[in-house]
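**Student:** Any chance you can model this:
(2 chains)
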2 protein chains.
Amino acid sequence: MPGDARPIGIFDSGVGGLTVYRALRARLPQESFIYLGDTARIPYGTRSPETIRRYAREDAAFLLACGVKLIVVACNTASSLALAQLQAEAPVPVIGMIEPGAQQAAATTRTRRVGVIGTEATVASAAYPLAIHRIAPEIEVVAQCCPLFVPLVEEGWAAHPVTATVAAEYLAPLRQSGVDTLVLGCTHYPLLAEVIQPVMGDAVTLVDSGSCAAQEVATVLSRRGCLAPPTATPWTRFCVTDAGDRFRRVAELCLQETLPTLESVRVET
Amino acid sequence: MPGDARPIGIFDSGVGGLTVYRALRARLPQESFIYLGDTARIPYGTRSPETIRRYAREDAAFLLACGVKLIVVACNTASSLALAQLQAEAPVPVIGMIEPGAQQAAATTRTRRVGVIGTEATVASAAYPLAIHRIAPEIEVVAQCCPLFVPLVEEGWAAHPVTATVAAEYLAPLRQSGVDTLVLGCTHYPLLAEVIQPVMGDAVTLVDSGSCAAQEVATVLSRRGCLAPPTATPWTRFCVTDAGDRFRRVAELCLQETLPTLESVRVET
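**Tutor:** Predicted coordinates for the structure are as follows:
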């Protein structure tokens, strides 16, 4: 098998998708990546479904024009609202966050009660409850949006006491509902795992949809014979649509490493 | 004098400009207004100068096409970065937030130390220090960006204890610097006045740039003979570029009144 050295495309509205990139790179160290952060139009989570679909289509078109072999929608909001459309239109596999996270949650819960946290748009779309119910209709799903989590992460306040206070307030209904599994339904939220876990208690398992999606990407590429050859020299391109300095600052905070050059691109059609 | 019944155009990235609308309506009750909230591209405060200028130009073009007699840039970020360009291009007067707020601050301070709070982009532009120094070069200006204030207001948490904690942290350097006047350099911030005032103490005067700008609008219209006739029946159109439900919810929270119909518009060229 000669392998397929073309890069994997990843897009998100900003830095949140970097948690997915980190999981992908750990799982698939031979692969190359093009990461698109649509920072000119962040956040997606408070926008209307039509606008989110338009943005997602433009992001995917940019990555396809770069010659990617697979697209990862590293944004739960865009996955919730635009995945079916992207899968119907793109000539390569498109992997979202919802299905892998739902699978993992259904396999994990013992109490058959699962919590989901996400942006307003993700929660309003009911994408997670629908996906979980397709797998196991008897599971009760309790969803809660946490709109301040993204700005808190982007401000670099993941470890700030205020964030713990906000988390305690947002998560109180979930704590009282008896869930034993909590889906982190926004790619920023794994950066808050150390705040969320103590609030929920050790008996609750956190599901990182991004990590689950990374496993799904590995499976799909392997099945199609499209993994990079073992001799490949992996590389990553980081592209942003605006405000590179801010992206770099927050991204380096999140990834705990220095980023290479950022390319400034435009994706609006 | 027959008067000029054409509406005044106001634009902001979202609901913050409603504090300016409220001030304008109180000062000029005979006038009609077209309010544009560019909610599809909010927030402006974390974007690059080039992008902010492009958005502001598109917002102004929309209002001009509606036949406004004057444009109020009810957004400190857009005022900081795009006002000169808009004034050079528009065939009607364009009033921003910075100059009126700077005038008021310079007239108010006794200690000759003025604080300014705003978004990242507004603070990075140094628009307020520059404007204040043009009026009174000896005034010392201490600026501080407060990125979480806008999300906290938009979440409806203006009165939440967390907001007081965040304010105490952001404003600590200003409190220690001995300013006696603080410019609220973001149109969302008047909604946090009741949190900011106790943190700063009663000896510090808060300057609401939006109210100062409303006075400036009245002066300009009066000088040009363009005030609405006393017989006019005033009206307001609210236009948003996305997610009207969210705008309505936050706007009604801010204005403490029910909004009429929202029109969904597109301003991208």
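**Student:** Which one of the residues in the stretch 51-200 of chain A is closest to chain B?
**Tutor:** A:Pro151 (4.0 Å; CB to the nearest CB). C-betas here are computed from N, CA, C, even on glycine.
**Student:** Quick one: name whatever helix or strand follows the one helix or strand that residue maps to.
**Tutor:** For A:Pro151, the host element (DSSP states H and E) is helix A:149-154. Downstream of helix A:149-154, the first helix or strand assigned by DSSP H and E is helix A:161-176.
**Student:** touching chain B at all, the lowest-mean-pLDDT helix or strand in chain A?
**Tutor:** Taking mean pLDDT, DSSP states H and E as the measure, the helix or strand of chain A with the lowest value is helix A:244-255, at a mean of 83. Yes - judged by CB under 8 Å from any CB of the partner chain, helix A:244-255 comes into contact with chain B through A:244, A:246.
**Student:** quick one: buried residues of that helix?
**Tutor:** Under the neighbour-count criterion of 16 or more other CB atoms under 10 Å in any protein chain shown, helix A:244-255 has A:244, A:246-248, A:250-251, A:254-255 buried.
**Student:** Next secondary structure after it?
**Tutor:** Taking DSSP H and E, what comes next after helix A:244-255 is strand A:262-264.
**Student:** Can you give me the buried ones in that following strand?
**Tutor:** The neighbour-count check on strand A:262-264 (16+ other CB under 10 Å) flags A:Leu262 as buried.
**Student:** in terms of contact count, name the helices or strands touching it.
**Tutor:** strand A:236-240, helix A:244-255 (3 or more CB pairs under 8 Å, 6 or more residues apart in numbering or on different chains; DSSP states H and E).
**Student:** Contacts for it next, please.
**Tutor:** Residues outside strand A:262-264 that contact it (CB atoms under 8 Å, 6 or more residues apart in numbering or on different chains) are A:237-242, A:244, A:247-248.
**Student:** Quick check: neighbours of that strand in the sheet, parallel or antiparallel?
**Tutor:** Strand A:262-264 has the following sheet partners, assigned by DSSP bridges: strand A:236-240 (parallel).
**Student:** Only alpha carbons, please: show the partner strand as CSV.
**Tutor:** Output in CSV follows, covering the C-alpha atoms of strand A:236-240 (Å, rounded to 0.1, in the frame of the first residue of the first chain):
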residue,chain,number,x,y,z
THR,A,236,1.0,21.5,9.4
ARG,A,237,-0.2,24.8,7.9
PHE,A,238,-2.1,27.1,10.1
CYS,A,239,-4.5,29.5,8.3
VAL,A,240,-6.6,32.2,9.9
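**Student:** now the angle from it to helix A:244-255?
**Tutor:** Relative orientation of strand A:236-240 and helix A:244-255, computed by axes from the mean of the first three to the mean of the last three CA atoms, to 10 degrees: 130 degrees.
**Student:** Only the buried residues of strand A:236-240, if you could.
**Tutor:** Neighbour counts using 16+ other CB under 10 Å place A:236-240 of strand A:236-240 among the buried residues.
**Student:** which pair in these spans the largest distance?
**Tutor:** Largest separation among these by CB to CB: A:Thr236 and A:Val240, giving 13.2 Å.
**Student:** can you give me the strands in chain A?
**Tutor:** With DSSP state E as the criterion, chain A has strands at A:8-12, A:33-37, A:70-73, A:94-95, A:113-118, A:140-145, A:181-184, A:205-208, A:236-240, A:262-264.
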